[in-house]
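J.: Provided below are the primary sequence and the corresponding predicted coordinates.
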Amino acid sequence: MDLTEGSALGVFSCQLCEVSSPYSFYGQKPPNTRAIVLLEECFGIKDPFSPEREKFLILGSKCSLCSKTVCVGTDCSLFYTKRFCLPCVREHLDQFPEQVQNELLRKKSVQKSTSS
Ligand SMILES: [Zn+2]
Ligand SMILES: [Zn+2]
């Protein structure tokens with residue numbers, strides 16, 4: 001493994017799942033991009049699989065409620081005007097719009113119905 005290539009600032013790791021990966025920027029503006037401004041401060045890295053300089057991957061961000069570092073995986077967090085980790089979403093579910101509630105409920109039932 002060669003994690004020293006480029007300029008990794010450190011290692012991002014999700015506090016909910018075991019995902020971890022070196023990241024090369026944190027903030028709303030990925031380096032080497034012209035017009036991209038992200039909706040949230042997040043951890044990201046240049047896409048190692050793309051030759052284009054402007055391609056990058058978002059690894060994760062901080063929950064706006066509990067400040068946990070969480071990955072963008074749909075099992076760990078969701079973005080609704082801000083980043084929320086799923087435990088916080090569940091805790092405050094009644095404060096989210098129906099659309100978000102439904103999405104979460106659907107997710108739960110999808111996981112349960114994979115018995116075949
Ligand atoms: Zn995660
Ligand atoms: Zn949270």
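T.: Received it, and whenever you're ready, just let me know what you need. Numbering: from 1, shown residues only. Ligands and ions are numbered 1, 2, ... in the order given.

J.: Name the residues of the chain found near ligand 2, please.
T.: With C-beta under 5 Å from the ion as the criterion, the chain meets ligand 2 at residues 63, 65-66, 85, 88. (Glycine included, C-beta is placed from N, CA and C.)

J.: which of those residues tops the neighbour count?
T.: When neighbours are counted by other C-beta atoms under 10 Å, Cys85 leads the residues of the chain next to ligand 2 with 26 neighbours.

J.: Would you point out the most distant pair within the residues of the chain next to ligand 2?
T.: Spatially, the most separated pair among those is Leu65 and Cys85, at 7.5 Å (C-beta to C-beta).

J.: gap between the helix or strand of the chain with the lowest mean pLDDT and the chain center?
T.: Between all helices and strands in the chain, the lowest mean by mean pLDDT, DSSP states H and E belongs to helix 98-112, at a mean of 79. Centroid separation for helix 98-112 versus its chain: 18 Å, with C-alpha atoms, centre = their mean, to the nearest Å.

J.: Does it pack against any helices or strands, and if so which?
T.: The contact analysis (3 or more C-beta pairs under 8 Å, 6 or more residues apart in numbering; DSSP states H and E) places helix 98-112 against strand 77-80, helix 86-91.

J.: other SSEs contacting the longest one?
T.: Secondary-structure packing of helix 86-91 (3+ C-beta pairs under 8 Å, 6+ apart): strand 77-80, helix 98-112.

J.: in that helix, what counts as buried?
T.: 86-89 (16 or more other C-beta atoms under 10 Å).
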